[in-house]
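> task: produce atomic coordinates for the following.
(one chain, ligands or ions: 1)
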Amino acid sequence: MRLLKDRILRDGRIARGGILKVDEFLNHQIDVTLLNEIGKEFKRRFKDKEVTKILTIESSGIGIACITAQYFDVPVVFAKKSKSKNINGEVYQSTVYSFTHQNFNEVIVSKNILRKNDKVLIIDDFLANGKALLGLLDITGQAGADVLGIGIVIEKSFQPGGEAIRARGIQLESLAVIESMDESSLKFKE
Ligand code: 5GP
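Predicted coordinates:
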């Protein structure tokens, strides 16, 4: 998606540890006009899918998922990062390692909210090692819901997440794929 790639080149900042900071338009300040175009593009790429729910993970996926959901006319569910160890069986739960915070989080979705007959589109901001997506797939698996596709705003293909997800046969659409980056350069996969 040209508009997104141009914005990454203009306002993205490469931090240490293979992290791209996009606080100017996606992760802190949000450019809603850009997000609208991102939502439209996800709708175009998944136009034949009869999605019933969009699933994302707290917190940076929520804004993207909400705007995208307007084009599908479906609700958004976000997996909550729960501190509680006192789980009573009314939630689906998975453990997710955070690439940016370098810690483990328990993420939960209420059993009332995600159901067996749901057809899910998963949306997130970044795909790096794939741990966040694997956690969400674990949760949809526990629910018995179908995953019709995964939409990612920025995939870093020099990390192994994309390959692992595609190997599962799930339609994965990333709007900008970064092949390589270091402190002085960033290259997109064409
Ligand atoms: P993964 O679970 O695929 O390793 O990492 C995905 C999650 O980590 C995303 O939800 C995102 O919040 C965060 N993340 C991974 N890589 C980056 C990055 O380069 N920049 C930012 N801002 N977040 C990232």
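
> who is the residue most central in space within the chain paired with across the strands?
Of all residues in the chain, the one closest to the mean position by C-alpha atoms, centre = their mean is residue 124, 1.3 Å from it. Residue 124 forms beta bridges with residue 152, as assigned by DSSP bridges.

> do you know how far it is from residue 181?
19 Å (C-beta to C-beta, to the nearest Å). Where C-beta positions appear, they are placed from N, C-alpha and C, glycine not excepted.

> cool, residue 46 as well?
Using C-beta to C-beta, one gets 27 Å for the distance from residue 46 to residue 181.

> neighbour count for these two, which is higher?
Ranked by neighbour count (other C-beta atoms under 10 Å), residue 46 and residue 181 place residue 46 first, with 21 against 18.

> how about the helix or strand in which residue 109 is found: buried residues?
Following DSSP states H and E, one finds residue 109 within strand 104-110. By neighbour count, and taking 16 or more other C-beta atoms under 10 Å as the criterion, the buried residues in strand 104-110 are 105-109.

> would you mind giving the residues you listed as a markdown table with distance to residue 56 and pLDDT added?
A markdown table is the format used below for those (distance: C-beta to C-beta, whole Å; pLDDT from 0 to 100):
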| residue | distance to residue 56 | pLDDT |
| --- | --- | --- |
| 105 | 14 | 93 |
| 106 | 17 | 95 |
| 107 | 11 | 96 |
| 108 | 14 | 96 |
| 109 | 11 | 96 |
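
> out of those, which is nearest to residue 74?
For residue 74, the closest of these turns out to be residue 109, at 15.4 Å, with distances computed as C-beta to C-beta.

> that closest one contacts residue 138, doesn't it?
No: Residue 109 is not in contact with residue 138 according to C-beta atoms under 8 Å; the separation is 10.4 Å.
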